[in-house]
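A.B. asks: after the sequence you'll find the predicted model.
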Amino acid sequence: MKRPDTIQNVTIHESGSRVPPGQFLTDKFPVLTYGSEPNVDIESWKLRIFGLVDKEIELDWAQFSSLEWETVDADFHCVTQWSALDQTWEGVSLRNVLRLVQPAAEARFVMIHSYGGYTTNLPLDLVLEEGLFAHKHMGEPLGKSHGWPLRFVVPSVYGWKSAKWVNGIELMAADAPGFWELRGYHNDGDPWKEERFWPELTR
């Protein structure tokens, strides 16, 4: 696997702070999971790319890990109000994965799919810029509880958008809510705007 230089993806607010409002700093990386943790067999694991693409494909682990890897340093902000600064992730960018297919011109959104039926939706232009399919965190392979073998990391939004145990990428023309978005979490999840829940739920 090829490993280019580390990419810095740290947001410094106009206030000069790296910590969004309503967040507290931790030097740990808590585990938060809805439901049971899947037992993923890397020998049978597949990453399916489908939806608005010229041809649906599936990558096994050998094919995925042969792609160009990147190392990203970024801060991580959880909707439950903790933030962990200077987190290092290693993996393959969505941008590089999508070079294997031809997205349709009308593709504007991505739904990330995971084992157990978890999904989360994101704008395509955002994840082309910063989305990373990470296999390592802080120099070590992801533990099972953190999404092994693959977690989709999007540093500029709350952590529920960084789906664990990823096995699918769906390209879509229209936006659609994912698992937590259907259950009241904000569609965008910008930590600097404290977009934790739909506005109707906070009144």
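C.D. replies: Alright, I've got the coordinates. Keep in mind that this is a model prediction, so the values were computed, not measured. Numbering: from 1, shown residues only.

A.B. asks: C-alpha coordinates for stretch 183-190, CSV please?
C.D. replies: Coordinates of each C-alpha in stretch 183-190 appear next as CSV, following Å, rounded to 0.1, in the frame of the first residue of the first chain:
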residue,chain,number,x,y,z
ARG,A,183,-34.5,9.2,15.1
GLY,A,184,-34.2,12.9,15.5
TYR,A,185,-30.5,13.7,15.0
HIS,A,186,-29.8,16.8,12.9
ASN,A,187,-29.3,16.1,9.2
ASP,A,188,-26.0,18.1,8.9
GLY,A,189,-24.4,17.7,12.3
ASP,A,190,-22.1,20.7,12.3
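
A.B. asks: what sits against the spatially closest residue to Glu43 that is not a sequence neighbour?
C.D. replies: In space, and not counting its chain neighbours, Glu43 is closest to Trp61: 7.5 Å by Cβ to Cβ, 6 or more residues apart in numbering. (C-beta placed from N, C-alpha, C; glycine too.) The contact partners of Trp61, by Cβ atoms under 8 Å, 6 or more residues apart in numbering, come to Ile42, Glu43, Trp45, Pro149.

A.B. asks: same thing with Asp60?
C.D. replies: Trp45, Lys46.

A.B. asks: buried sites along the longest helix seen in the chain?
C.D. replies: Longest helix of the chain, by residue count under DSSP state H: helix 124-130. Using 16 or more other Cβ atoms under 10 Å as the test for burial, helix 124-130 gives Leu124, Leu126, Val127, Glu130.

A.B. asks: now stretch 27-44
C.D. replies: Buried residues in stretch 27-44 (16+ other Cβ under 10 Å): Phe29, Glu37, Pro38, Val40.

A.B. asks: show me what contacts the first one?
C.D. replies: In this case it means Phe29. Applying Cβ under 8 Å, 6+ apart to Phe29 gives the contacts Phe76, Ala84, Gln87, His137, His146.

A.B. asks: all strands for this protein, in order.
C.D. replies: Along the chain, counting by DSSP state E, strands occupy 6-9, 24-25, 47-51, 57-59, 70-77, 82-93, 109-114, 119-123, 132-137, 140-141, 151-153, 166-172.

A.B. asks: make a markdown table from these and add mean neighbour count to it.
C.D. replies: Formatted as a markdown table, the strands of the chain follow (neighbours: other Cβ atoms under 10 Å):
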| stretch | mean neighbour count |
| --- | --- |
| strand 6-9 | 13 |
| strand 24-25 | 10 |
| strand 47-51 | 18 |
| strand 57-59 | 16 |
| strand 70-77 | 21 |
| strand 82-93 | 19 |
| strand 109-114 | 22 |
| strand 119-123 | 21 |
| strand 132-137 | 23 |
| strand 140-141 | 10 |
| strand 151-153 | 24 |
| strand 166-172 | 20 |
